[in-house]
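**Student:** coords please:
(4 chains)
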2 protein chains.
Amino acid sequence: MIIDDPLREALEREGHRMTAPRRAVWDVVSTAERHLTADEIAARVRAEHPDVNLSSVYRSLTLFSELGLVRESSLDSGGPAHWEPAHPDDEFHLRCRRCGKVDHHTGDLVGRVREHLEAEHGWVTEQVELLVTGLCPDCA
Amino acid sequence: MIIDDPLREALEREGHRMTAPRRAVWDVVSTAERHLTADEIAARVRAEHPDVNLSSVYRSLTLFSELGLVRESSLDSGGPAHWEPAHPDDEFHLRCRRCGKVDHHTGDLVGRVREHLEAEHGWVTEQVELLVTGLCPDCA
DNA sequence: TTGCTAATGCAACTCGTTCGCAATTGCGAT
DNA sequence: ATCGCAATTGCGAACGAGTTGCATTAGCAA
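**Tutor:** Okay, the predicted model is just below:
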């Protein structure tokens, strides 16, 4: 018995249909060990569902991001976008310049940005994206 | 008499030639009141130099970013990249969701990220990009 | 001024992503 | 159950930002 199905819940909440492509895309993204491009997602989806089209993958991802299930992060400008399950935005990205690895890191920095901007400058903070590029412990 | 010419200095330092298109692109970017796309830069350049090609604008911008003169920031994933003069990276971006305005803001947050990651986690921080999306004081 | 090479203009091309449309399919109503 | 219709899909064509190959032009050192 499935006790927690965020995809089904989110779809029903907004009146969208549960379909095989959507299920498959969600399974791939939500269990991926790293950020995937749309192409990579399509490839993994097709291992089980060979007929799923790339456009459907894109459409699913777009919908999921509107539903708050996934997040698009264009770490390298120019290249294809990468997708990851949504996470609280006090988590940020660490990208290693040499090996390309992307880590997540959690800190209170994002919360501090929010407080500071709101109290001192009147900005209402909705989303914070923090990307740190450098060398990971292995490559340093 | 020109007392400070970062473009000429940077070009000479690495053995590149000073050309009319490069001069014009640099003038536009370095005096722009906001971040511009390559297309917008080309349009402004052509007001004075109608023959400058879009590819030359792209090539100039790519070179300038290697020289550390400009920075590419892909604030909206999907859309065209925006370009701005390079600035110290303890300055970060505030983008208003409603009016689209992009402000700069300086704080010690970026420095703190750097220290924390280096001391506690062994990461060598080279570049920090921080983008805050929300509502500016006018739109809130 | 000359000569060599970097840089340019132009057009064709790449590639990630989107769109139009006919065929399919989920799912609420019957 | 099954019907009917709108949502969703697959497919291919289109789109737009950015890049590249190549013949021509033009810096700049000698």
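**Student:** show the contacting residues for the residue sitting furthest away from the middle of chain A.
**Tutor:** For chain A, the largest distance from the centre (CA atoms, centre = their mean) belongs to residue A:120, which lies 30.7 Å off. By CB atoms under 8 Å, 6 or more residues apart in numbering or on different chains, residue A:120 lies in contact with nothing. Where you see a C-beta, it was placed from the backbone N, CA and C, and this is true even at glycine.
**Student:** tell me the secondary structure for it?
**Tutor:** helix (DSSP: H, G, I helix; E, B strand; the rest coil).
**Student:** gap between it and residue B:105?
**Tutor:** In this view, residue A:120 and residue B:105 are 10 Å apart by CB to CB, to the nearest Å.
**Student:** all helices of chain A, in order?
**Tutor:** For chain A, applying DSSP state H gives helices covering A:6-13, A:20-31, A:38-48, A:54-66, A:109-121.
**Student:** can those go into TSV with extra columns for distance to DNA strand C?
**Tutor:** Below are the helices of chain A laid out as TSV (distance: least, CB to the nearest atom of the strand, whole Å):
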stretch	distance to DNA strand C
helix A:6-13	7
helix A:20-31	5
helix A:38-48	4
helix A:54-66	3
helix A:109-121	25
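**Student:** does residue A:123 touch residue B:136 like I think?
**Tutor:** Yes: if you go by CB atoms under 8 Å, residue A:123 and residue B:136 touch, sitting 6.1 Å apart.
**Student:** tell me how chain A divides into domains.
**Tutor:** Recorded structural domains for chain A (assignment: automatic domain parsing) are A:6-85, A:91-134.
**Student:** worst average pLDDT in these?
**Tutor:** Lowest mean pLDDT within those: domain A:91-134, at a mean of 81.
**Student:** can you give me the end-to-end distance of that one?
**Tutor:** 17 Å (CA to CA, to the nearest Å).
**Student:** same thing with stretch A:85-92?
**Tutor:** Stretch A:85-92: ends 13 Å apart by CA to CA.
**Student:** stretch A:39-56 now?
**Tutor:** 11 Å.
**Student:** show me what contacts residue A:134?
**Tutor:** A:94-97, B:117, B:123-127.
**Student:** deepest of the helices of chain A, which one?
**Tutor:** Greatest average neighbour count among those goes to helix A:20-31 (a mean of 19), per mean count of other CB atoms under 10 Å in any protein chain shown.
**Student:** for DNA strand D, what are the nearby residues on chain A?
**Tutor:** A:16-17, A:19, A:21-22, A:49, A:51-53, A:55-56, A:59-60, A:77-78 (CB under 7 Å from any atom of the strand).
**Student:** please redo it, this time with the cut-off set to 10 Å
**Tutor:** For chain A, the contact set with DNA strand D under CB under 10 Å from any atom of the strand comprises A:11, A:14-25, A:42, A:45-46, A:49-60, A:62-63, A:77-79.
**Student:** what separates the lengthiest strand in chain A from the chain centre, distance-wise?
**Tutor:** Under DSSP state E, the strand in chain A containing the largest number of residues is strand A:124-135. Counting by CA atoms, centre = their mean, to the nearest Å, strand A:124-135 is centred 14 Å from the centre of its parent chain.
**Student:** repeat for stretch A:43-59
**Tutor:** Using CA atoms, centre = their mean, the offset of stretch A:43-59 from its chain centre is 18 Å.
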